[in-house]
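In: quick one, fold the following:
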Amino acid sequence: ESEAVECIDFIKSEVVRAEEAAKKKEAEKAAKAAAFQNRNEDGNSKADEFAGMSEEKKAKILKKRAEKEAKARAKALSKGCEVSPTSVDLNESVVNEVNSIVEKLLSGGIQRKPKIAKGTRDYLPEQMMIRDQAFQIIRRVFKRHGAVEIDTPVFELKDTLTGKYGEDSKLIYDLADQGGEMLALRYDLTVPFARFIALNSVGNIKRFHIGKVYRRDQPVLSKGRYREFYQCDFDIAGNYGRMVPDSECVAVATEILASLPIGDFAIKLNHRRLLDAILDICGVESDKFRTICSAVDKLDKEPWEAVKAEMIDKGLKGDVADKIGKFVLQKGEPWHMYKSLMDSKAFGNHKAANEAMEDLRNMFEYLEAMEKLKYVSFDLSLARGLDYYTGVIYEAVCLSGKTQVGSIGGGGRYDNLVSMFQEAGKQTPCVGVSVGIERVFTLMEARLREQQGGSIKQPNVAVLVASVGNNMMSDRMRVTQRLWNANISAEFSQQENPKLKYELANALDRGIPFMVIVGEDEIKIASCKVKDLKARTEELVTLDNLSTYLLEKGVVPVGCEFAAEEEKNRKA
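Out: Below you'll find the model as predicted:
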């Protein structure tokens, strides 16, 4: 919107400038004409213009001028314009009309093909089915861990968001002042949650929140990076045992990613205090910790040489950067890394580093008890750029498939964030994890296309009710209502007298597994024909027994898909 306003202002200024130039030109023409008139009081300027020329040369010049004028008029008429022999008068009404046309063009009007905003996307019905499946899986895991759901506004006071995201604060979308409050679209769900805790006396809480967030980032749609996208957050706020909620957050992340059809994944884990201790041990000044951390965090995308060069550009000496490299290039299996660092006394007697290592020891024990440590990699290069992290940090990455989407989730401990909104001296410890649904969806969609040969179509109903003969609409409705009453997804043709062969082709194209067909003969005996389109069989079934028959054939009632899948896995 701000860009459009700037464009309109620019065009208005250009119109004013053109108007002034035109007036100046007209004044110059008038002065020349007056001077010419003074020299030719008899008014015969044409004659004087051709004075001394032969009649043949004069006729040639006039013919050339006429041809040019005719050509210009023909070109204008071909474009739907009428050429006026006089110059355009840029009066106020003309300027207003031009501005109106420009504004309509900028808003997508006047013969302009509509386009979607940069960094956003539309979801087709088959894509929404995939996303809905992901949301259902994620919600089940959240609820299984006893989390309660909350919601917050999509925009917050700008002061609430600024100063919480470090270098990423420039990616916040500001909103125009609409009544005395400076607002901004939320960048994530974590800072609004901190504000929520400070404003509402909720005590200890284990919450989840699924909602859209907005970032003025450079989008890469093929990698699932958008400017508008969903986040699915799970957070634990309050006073609990040391590293207990941190361990559960990582367990939640692993359960979600293991349940989603995205292939293999890993959880990279580090400790913010440990990373700060490494920088301190290597001789980095404390005021440069955050900016150096942002460089270290790029090691998963760039080689060490590029990261080192960035550190030097930010003011570090080469030997200091090399010391940092000896630490941050280490990663591996958690217990192996832990024992190696402790046995080598890599951190000496540095208090903060040893406290962080004790946190990690506790966490590894708890994750091992919950059978989740196998997914974790202890990675000293993980920094996560957000300023509010104070303890353990983690990030989920996909390890399989051709589709590269970067991080698919992450989180950490942020003990001081809520206190920014509370009275002095009060602190509410918090830890959480967030799953980026758009990137997960990109992986799910690519995997489904691979499995189905490029298509992502899935049937949206289990049964299509068709008929043979004319005037059967009411009968199709009655049969379909029986299925709806039994919580079976079904639909009927809304054409008055559809031909059966077209209905059959429709069911096959959409992948609908069953067709129920009624005709005059079937209605007389309160029955119908049921076609199993996969097995290519057909049976006559009474209407009273129709729902039971379909359930026995494997049709799953709406809302029971997860239970049916679990039962199938149990039997397997």
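
In: how confident was the prediction at Lys71?
Out: What the model reports for Lys71 is a pLDDT of 77.

In: how near is it to Arg413?
Out: 76 Å (CB to CB, to the nearest Å). C-beta coordinates here come from the backbone N, C-alpha and C atoms, glycine included.

In: likewise for Asp319?
Out: For Asp319, the distance to Arg413 - CB to CB - is 32 Å.

In: can you give me the helices for the stretch 351-500 of the chain?
Out: Taking DSSP state H, counting those that start in this stretch to define them, one finds helices in the stretch 351-500 of the chain at 351-369, 437-451, 473-485, 500-510.

In: ok, the residue lying closest to Asp532 once chain neighbours are set aside - contacts?
Out: In this structure, Asp532 finds its nearest non-sequential neighbour in Phe514, 6.2 Å apart by CB to CB, 6 or more residues apart in numbering. Residues near Phe514 by CB atoms under 8 Å, 6 or more residues apart in numbering: Ala462, Val463, Leu464, Val530, Lys531, Asp532, Leu533, Leu550, Lys553, Val555.

In: change it to 7 Å
Out: By CB atoms under 7 Å, 6 or more residues apart in numbering, the residues touching Phe514 are Ala462, Val463, Val530, Lys531, Asp532, Leu533, Leu550, Val555.

In: surely the third one forms part of a helix?
Out: The reference is to Val530. No - judged by DSSP: H, G, I helix; E, B strand; the rest coil, Val530 forms no part of a helix; its state is strand.

In: pretty sure it sits against Thr542.
Out: No - contact between Val530 and Thr542 fails when scored by CB atoms under 7 Å: they sit 10.7 Å apart.

In: so between these two, which is more surrounded?
Out: Val530 (19 against 13; other CB atoms under 10 Å).

In: quick one, grab the pLDDT at the more buried one.
Out: 97.

In: dihedrals phi and psi, Glu333?
Out: Main-chain dihedrals, Glu333, degrees, to the nearest 10: phi -60, psi 130.

In: tally of neighbours for it?
Out: Neighbours around Glu333, by other CB under 10 Å: 14.

In: tell me how far it lies from Arg207.
Out: Distance from Glu333 to Arg207, by CB to CB: 32 Å.

In: before we move on, the earlier item: what bridges to the residue nearest to Asp532?
Out: Legend: beta-bridge partners of Phe514 under DSSP bridges are Val463, Asp532.

In: where does the protein dip in pLDDT?
Out: 1-11, 14, 29-30, 32-52, 75-90, 105-112, 167, 385-386, 401-405, 572 (pLDDT under 70).

In: Glu149: neighbouring residues, count only.
Out: If we define neighbours as other CB under 10 Å, then Glu149 has 11 of them.

In: just the one 5 residues further on next, same as before
Out: Residue neighbour count, defined by other CB under 10 Å, stands at 12 for Val154.

In: quick check: closest non-adjacent residue to the residue positioned nearest the centre of the chain.
Out: Closest to where the C-alpha atoms of the chain average out (CA atoms, centre = their mean) is Phe229, at 2.8 Å. Distances taken as CB to CB, 6+ apart place Glu438 nearest to Phe229, at 4.1 Å, with adjacent residues excluded.
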